[in-house]
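Student: Any chance you could fold what I've pasted below:
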Amino acid sequence: MSVFSTRGIAQSSLKEIALHAGVTVGTVYNHFKGRNDIVAAVSVWIIRELEQRALESRRALPRGAERMANGCHRYLAIARKTPKRAMLILELAVSAPNLLMTIGSVVRGDIRLGVRQKDFRIFGETAAVDLVHGVVMLGMRCIALGRMPADYERSVVATVLQGLGLPAQGALELARQGAAGTTGRQRRT
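Tutor: Here you go, the predicted structure:
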């Protein structure tokens, strides 16, 4: 992860990875067929880490809209706190499809819950998942590159929620709650 975060996946060699790990290239080949297997393993590790971090906070949130806001804030916070890790996650989303598919299944579940609770009104699940992925991933990139004003994160989350059909005022209120670190029950608007 360190080599990929520093050099990027495409520019990282097995020799660099082995050197950083303190092993020989032969030892790397004892565990992986090549760089693609390492990319897949890093992707699986990141998926597990993200899932574990999200599990407790998600259980405490009964509404799909709250879960969506919380998830968006968590990913944007990665970009704010650890820009290199955020850029690696974005690169893995392209290089290792299992990462985006796994994240997408969680997003899809939150969308379905929000639709059942009549907070979200969408045209189609796949397009709604793509909306969330696209807006949040671009938001992560902009934050990681340090180009955004202080209220950008809240605006990204509110835009996602509104894009899923939550009225503007409710989307902004829920985005503010998550940005302040407090996620209470959402008021219906």
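Student: Excluding sequence neighbours, find me the nearest residue to Ala41.
Tutor: Counting by CB to CB, 6 or more residues apart in numbering, Phe32 is the residue found nearest to Ala41 once chain neighbours are left out, at 7.0 Å. C-betas here are computed from N, CA, C, even on glycine.
Student: residues near that neighbour, how many?
Tutor: 16 (other CB atoms under 10 Å).
Student: Could you pull up phi and psi at it?
Tutor: Per-residue torsions, Phe32: phi -140, psi 140 (degrees, to the nearest 10).
Student: What pLDDT is listed against it?
Tutor: Listed pLDDT for Phe32 reads 90.
Student: just checking, it touches Ile38?
Tutor: Yes: between Phe32 and Ile38 there is a contact under CB atoms under 8 Å: 5.1 Å.
Student: hmm, back to that, now the residue nearest to Ala41: how far from Gly26?
Tutor: 11 Å (CB to CB, to the nearest Å).
Student: Gly109 now?
Tutor: Distance, Gly109 to Gly26, by CB to CB: 43 Å.
Student: ok, these two, which is more surrounded?
Tutor: Gly109 (13 against 8).
Student: element containing the more buried one, please.
Tutor: Element membership for Gly109, per DSSP states H and E: helix 97-116.
Student: any idea which helix or strand comes after that helix?
Tutor: Sequence-wise, the next helix or strand downstream of helix 97-116 (DSSP H and E) is helix 125-144.
Student: Tell me how many other residues surround Val94.
Tutor: 11.
Student: Over to it: give its phi and psi.
Tutor: Here is the backbone geometry of Val94 (degrees, to the nearest 10): phi -90, psi -40.
Student: Per-residue pLDDT of it, please?
Tutor: For Val94, the model assigns a pLDDT of 89.
Student: Look up how far Phe4 lies from the residue nearest to Ala41.
Tutor: 13 Å.
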